[in-house]
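In: Pasted the sequence and its predicted model underneath.
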Amino acid sequence: IKRVTTHTIRQMKANGEKIAMLTGYDYSMARILDDAGIDIILVGDSAANVMAGYETTVPITLEEMMFHAAAVVRAAKHALVVVDLPFGTYQGDSSDALKAAVRVMKETGAHALKVEGGIEIQDTVKRIVNAGIPVMGHLGLTPQSIYKFGTYTVRAKEEAEANKLKTDAKYLQDAGCFGIVLEKIPAQLATEVTASLAIPTIGIGAGAGCDGQVLVVHDMLGLNKGFKPKFLRQYLNLYEAIGEAVGHYIRDVKSSAFPNENEQY
Ligand code: KIV
Ligand code: NA
């Protein structure tokens, strides 16, 4: 199996081939995604929400992210594995950020990192990239800043924020990012930004004009009951399917239908 690399990803944009990315947090799910042929597995800090039940991505730690990252790396034979640096590990001193970045790369075997923000973190991005670590940017709705935004609604609808996003995208490209996630912004803006960059954009709630798409795997598989924003396409209802299977198991145990003669020694 041929490994997807940051080079492959850039080639895909050049060739007009769309990039398919999903989040993954554990070995078993990552194996399924990898076998199915996903291009990129993002060990997102959305692990804070879907794995740990936190309300925001703010509380997850570097150690917790590294636990998830190492598990995904062990499963991924084909996909590029990108890991989110969690809140607080890269917004301050760029040498601290580099230390966190190096730890993730050395201790988990990840292939690349992702960070949220534009010009504010440009020096940090440069420093990490200069150390030889590929970095993906993330603009628009950046959930680590949720307490600043105060809401999870669409970003950059106003001209000032849209213009900042456009220049931020350029800054990230100049800093050496190999791609940028665009989250929850108008499709028209995402299309413009995508056309203005040599590096690929990966959209979530950012329309069809992006070079690729990403979804939280629990959301697209219907594991996250009650979460149905407009941008989400739910490909399965695993919440229901698993609930039915578990209900069936409970009934079988209670009625002594499980195990049967062939299921015992
Ligand atoms: O953490 C995450 O899942 C993400 C994607 C939504 C892009 O950052
Ligand atoms: Na994230």
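Out: That came through, no problem. Numbering: from 1, shown residues only. Ligands and ions are numbered 1, 2, ... in the order given.

In: Now do the same for Gly88: its pLDDT.
Out: pLDDT for Gly88: 98.

In: what about it, is that helix, strand or coil?
Out: coil (DSSP: H, G, I helix; E, B strand; the rest coil).

In: That one: neighbouring residues, count only.
Out: 15 (other CB atoms under 10 Å). (C-beta placed from N, C-alpha, C; glycine too.)

In: mind checking how far it is from Thr108?
Out: 18 Å (CB to CB, to the nearest Å).

In: What separation do you get for the one residue in the stretch 51-200 of the chain that gets nearest to ligand 1 and Val72?
Out: Nearest to ligand 1 in the stretch 51-200 of the chain, going by CB to the nearest ligand atom, is Val181, at a distance of 4.6 Å. Note on Val181: its distance to Val72, by CB to CB, is 17 Å.

In: Please apply the same query to Val115.
Out: Per CB to CB, Val115 is found 18 Å from Val72.

In: ok, the residue of the stretch 1-150 of the chain found nearest ligand 1 - contacts?
Out: Here the stretch 1-150 of the chain gets closest to ligand 1 at one residue, Gly44, 2.4 Å apart by CB to the nearest ligand atom. The contact partners of Gly44, taken as CB atoms under 8 Å, 6 or more residues apart in numbering, are 23, 25, 84, 114, 216.

In: Buried subset of those as a PyMOL selection?
Out: Provided next is the PyMOL selection string for whichever of the contacts of Gly44 are buried by 16 or more other CB atoms under 10 Å:
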select buried, resi 23+25+84+114+216
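
In: Of the contacts of Gly44, which ones also sit close to ligand 1?
Out: Contacts with ligand 1 within the contacts of Gly44, as defined by CB under 6 Å from any ligand atom: 23, 84, 216.

In: Any idea what the first one is bridged to?
Out: Judged by DSSP bridges, the bridge partners of Thr23 are Leu42.

In: Contact partners for it?
Out: Taking CB under 8 Å, 6+ apart, one finds 41-44, 46-47, 50, 214-218 in contact with Thr23.

In: One more: the second one?
Out: In this structure, Asp84 makes contact with 42-45, 57, 65, 113-115, judged by CB under 8 Å, 6+ apart.

In: Tell me, how many residues neighbour Ala36?
Out: 11.

In: try Leu33
Out: Leu33 has 23 neighbours, counted by other CB under 10 Å.

In: tell me the strands in the stretch 51-200 of the chain, going along the chain?
Out: Remark: strands assigned in the stretch 51-200 of the chain by DSSP state E, counting those that start in this stretch are 80-84, 112-114, 135-140, 179-183.

In: Out of the ones you listed, which gets nearest to Arg10?
Out: strand 179-183 (7.9 Å; CB to CB).

In: hmm, who's touching that closest one?
Out: Contacts of strand 179-183 with the rest of the structure, by CB under 8 Å, 6+ apart, involve 6, 9-10, 19, 114, 136-143, 155, 169, 172-173, 190, 193-194, 197, 199-206, 210-212, 214.

In: Kindly report the same for stretch 9-21.
Out: Outside of stretch 9-21, the residues within contact range by CB under 8 Å, 6+ apart are 38-42, 80, 82, 178-179, 198-200, 202, 211-214.

In: Spell out which parts of the stretch 51-200 of the chain neighbour ligand 1.
Out: With CB under 6 Å from any ligand atom as the criterion, the stretch 51-200 of the chain meets ligand 1 at residues 84, 181, 183.

In: still on that earlier bit, okay, the strands of the stretch 51-200 of the chain in JSON lines with mean pLDDT next?
Out: Below are the strands of the stretch 51-200 of the chain laid out as JSON lines (pLDDT from 0 to 100):
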{"stretch": "strand 80-84", "mean pLDDT": "99"}
{"stretch": "strand 112-114", "mean pLDDT": "99"}
{"stretch": "strand 135-140", "mean pLDDT": "98"}
{"stretch": "strand 179-183", "mean pLDDT": "98"}
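
In: want to throw those strands into a markdown table with distance to ligand 2?
Out: Output for the strands of the stretch 51-200 of the chain, formatted as a markdown table (distance: least, CB to the ion, whole Å):
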| stretch | distance to ligand 2 |
| --- | --- |
| strand 80-84 | 4 |
| strand 112-114 | 7 |
| strand 135-140 | 7 |
| strand 179-183 | 8 |
